[in-house]
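S.K.: generate a structure from the sequence data that follows.
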Amino acid sequence: SDGHRTGDNNNRCDTVCILCNRHFRDLLAHQHTHLLERPEKCPIAACEYSKKGFSRKYNCRRHTLTHFKGTMVCYFCPGSDSAMEKSFSRADVFKRHLFAVHNVEQTALKGWQKKNAEGKGIHTGDFTNSNLSGKCSTCDITFATAQQFYEHLDDCVLSKVM
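M.R.: Numbers count the residues shown, from 1 in each chain. Now for the predicted structure:
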């Protein structure tokens, strides 16, 4: 292995990368960043990352979302369809809004979930309105909860970009 394990008083083990001397829980995933090969390419031919690429699929997917050209409206917020509506041009900013304001659980590729120190899913914010459903302004599908919409958003936006 290209690292060694260290432990602390909490029985938590980290692996240290011998190439950059940084600590990682998933050394194998980190080591891809040191490879010259970057197999995950942006699907947009005019983008520099269609040639340069990414070492991780997650990073390529996150980058590809930045190519979306359009406006996404949060129908879970009061004031939708008015001058008060919340709208977003970037999916990552919209997802942060859903997390902070509508208490969605952050999920990533393959159902990975950000967790706090106790290993529980994290979320913040204090505005929820369980009586509101919302539709995706990109594809017009209606969702009963902000969580369902959040889990739909990446694939929907990617389908419009690619």
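
S.K.: which strands and helices sit next to the helix ranked longest in the chain?
M.R.: Counting by DSSP state H, the longest helix found in the chain is helix 146-161. Contact analysis of helix 146-161 by 3 or more C-beta pairs under 8 Å, 6 or more residues apart in numbering; DSSP states H and E lists helix 57-64, helix 91-102 as its packing neighbours. From N, CA and C alone the C-beta is placed, and that goes for glycine too.

S.K.: I'd like the next helix or strand past the last one.
M.R.: To tie it back to what came earlier, the one meant is helix 91-102. Counting by DSSP states H and E, the element after helix 91-102 in chain order, helix or strand, is strand 134-135.

S.K.: lowest-pLDDT helix or strand in the chain?
M.R.: Scoring the helices and strands of the chain by mean pLDDT, DSSP states H and E places strand 3-7 at the bottom, with a mean of 51.

S.K.: count the neighbours of the nearest residue to Val161 once chain neighbours are set aside for me.
M.R.: Sequence neighbours aside, His67 is the residue nearest to Val161 in space, at 4.8 Å (criterion: C-beta to C-beta, 6 or more residues apart in numbering). By other C-beta atoms under 10 Å, the residues close to His67 number 18.

S.K.: could you do Asp155 as well?
M.R.: So Asp155, with other C-beta under 10 Å, has 10 neighbours.
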